[in-house]
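In: pasted the sequence and its predicted model underneath.
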2 protein chains.
Amino acid sequence: MEQPRDMASKLSEQGYRLTPQRLMILSAIDNSDNHISADEIYAQIVAKYPNVNISTVYRTLELLKRLGLVTETDLGEGRVRYHPAVKGHHHHLLCQGCGAIIDLDEPLLASLKNTLLREYNFLPDLRHLAILGRCLKCS
Amino acid sequence: MEQPRDMASKLSEQGYRLTPQRLMILSAIDNSDNHISADEIYAQIVAKYPNVNISTVYRTLELLKRLGLVTETDLGEGRVRYHPAVKGHHHHLLCQGCGAIIDLDEPLLASLKNTLLREYNFLPDLRHLAILGRCLKCS
DNA sequence: CTTGTATTTGCAACCAGTTTCAATAAAAAT
DNA sequence: ATTTTTATTGAAACTGGTTGCAAATACAAG
Ligand SMILES: [Mn+2]
Ligand SMILES: [Mn+2]
Ligand SMILES: [Zn+2]
Ligand SMILES: [Zn+2]
């Protein structure tokens, strides 16, 4: 529930510094209900702290991804969106014809995950995928 | 076997013009054994036809993708690679730790494909995927 | 072979994201 | 509280890829 604090403490536990920029980025991610983009995070922060740079936003998102605190998904908009990892795992089916997005529960990929682990010794990162294709009426 | 001709006739059947640029792009894709990038296609063409523009290469690749003649895959290099669709379907497991690439046969995703079709009325495009994750020694 | 027209191209500007580097500042040490 | 160390930042340049537009050209029709 108290998510930005959780993410912040994980950062400092791992030896990363808690700068004001990072804290603002964390709360922007956490306060957004839906998936948020780098632009949207930046716009929100620059309003209060005008000399923050967009590259700091990208660098922080990269770090949070690496630590597994946020997931990144390409929903085919020409930009990528972010989601706090703790807010639940799910996937999206994205129709290339009409742009429709169908949400998908996580367990659907569990058997694929097990197969890859068992037969290929590979642990796939299947936390927030977008699977491209065509919906019924577009195929 | 005579692949560039096949791709070319499909283009003109669909009403697209057979420009010298398009023909050179088609044969660059077909003559490459492995996956080829836009840069590599461009470099190969510009040697003989110096005023060809890179945006024509990107536009043609976009068209070939849309017509299903080539598949595109992001192998995590910061650039994307292309493959003629007829040269067989397969997938790649990409380790985010050490960069190892494990090849994967197509049938592994058949049951996922069926499930999505049956339960979600969605026909996924699973012709050439890269699945990110960690190999045994990196996880 | 010419003409007409719709498609395609080259070019330049643009967009999301990354990288290099010197200046800044968080946190550790004194 | 001051100094030192090291991570982090802002700024600017850069990368892969896309887009708007006017000039060029493939191809169909005469
Ligand atoms: Mn989501
Ligand atoms: Mn491949
Ligand atoms: Zn659709
Ligand atoms: Zn590995």
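Out: It's in. Numbers count the residues shown, from 1 in each chain, chains lettered A, B, ... in the order given. Ligands and ions are numbered 1, 2, ... in the order given.
In: burial count for A:Ser111?
Out: Counted with other CB atoms under 10 Å in any protein chain shown, residues neighbouring A:Ser111 total 12. (C-beta placed from N, C-alpha, C; glycine too.)
In: with A:Glu106 instead?
Out: Neighbours around A:Glu106, by other CB under 10 Å: 15.
In: in chain A, what secondary structure element scores lowest on mean pLDDT?
Out: For chain A, using mean pLDDT, DSSP states H and E, the weakest element among its helices and strands is helix A:3-13, scoring a mean of 85.
In: so what does the following helix or strand past that helix touch, helix or strand wise?
Out: Next helix or strand after helix A:3-13 toward the C-terminus (DSSP states H and E): helix A:20-31. In terms of contacts (3 or more CB pairs under 8 Å, 6 or more residues apart in numbering or on different chains; DSSP states H and E), helix A:20-31 is packed against helix A:3-13, helix A:38-46, helix A:54-66, strand A:80-84.
In: and among the ones you listed, the most buried is which?
Out: strand A:80-84 (a mean of 19; mean count of other CB atoms under 10 Å in any protein chain shown).
In: export the helix or strand following that one to PDB, keeping only CA atoms.
Out: Scanning forward in sequence from strand A:80-84 by DSSP H and E, the next helix or strand is strand A:90-95. What follows is strand A:90-95, C-alpha atoms only, in PDB (Å, rounded to 0.1, in the frame of the first residue of the first chain):
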ATOM      1  CA  HIS A  90      -1.100  -9.200 -16.100                       C
ATOM      2  CA  HIS A  91      -0.700  -9.100 -19.900                       C
ATOM      3  CA  HIS A  92      -2.300  -7.500 -22.900                       C
ATOM      4  CA  LEU A  93      -3.400  -8.800 -26.300                       C
ATOM      5  CA  LEU A  94      -2.900  -6.000 -28.800                       C
ATOM      6  CA  CYS A  95      -4.800  -6.100 -32.100                       C
END
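In: and strand A:90-95, which residues are buried?
Out: Buried residues in strand A:90-95, defined by neighbour count with 16 or more other CB atoms under 10 Å in any protein chain shown: A:91-95.
In: how about TSV for those residues, with pLDDT and distance to A:Arg118 added?
Out: Converted to TSV, those look like this (pLDDT from 0 to 100; distance: CB to CB, whole Å):
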residue	pLDDT	distance to A:Arg118
A:His91	92	21
A:His92	92	26
A:Leu93	94	26
A:Leu94	92	29
A:Cys95	91	32
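In: could you dump those residues into CSV and include distance to B:Glu77?
Out: CSV is the format used below for those (distance: CB to CB, whole Å):
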residue, distance to B:Glu77
A:His91, 24
A:His92, 25
A:Leu93, 26
A:Leu94, 23
A:Cys95, 28
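In: which stretch among the helices and strands packed on helix A:20-31 comes nearest DNA strand D?
Out: Across the helices and strands packed on helix A:20-31, DNA strand D has its closest neighbour in helix A:54-66 (3.2 Å, CB to the nearest atom of the strand).
In: tell me if that closest one is near DNA strand D.
Out: Yes. Judged by CB under 7 Å from any atom of the strand, helix A:54-66 comes into contact with DNA strand D through A:55-56, A:59-60.
In: and of those, the nearest to ligand 4?
Out: Using CB to the ion, the shortest approach to ligand 4 within the residues of helix A:54-66 next to DNA strand D belongs to A:Arg59, at 23.8 Å.
In: which residues does that closest one contact?
Out: If you count contacts by CB atoms under 8 Å, 6 or more residues apart in numbering or on different chains, A:Arg59 has none.
In: that older thread, list the helices and strands the least confident helix or strand of chain A packs on?
Out: helix A:20-31.
In: gap between the helix it packs on and the chain center?
Out: Averaging C-alpha positions (CA atoms, centre = their mean, to the nearest Å) puts helix A:20-31 14 Å from its chain's average.
In: can you list the buried residues in it?
Out: A:21-22, A:24-30.
In: hmm, back to that, near DNA strand C at all, the least confident helix or strand of chain A?
Out: Yes. Residues of helix A:3-13 are located near DNA strand C by CB under 7 Å from any atom of the strand, namely A:Ser12.
In: sketch out the low-pLDDT regions of chain A for me.
Out: Filtered on pLDDT under 70, chain A yields the residue ranges A:1-5.
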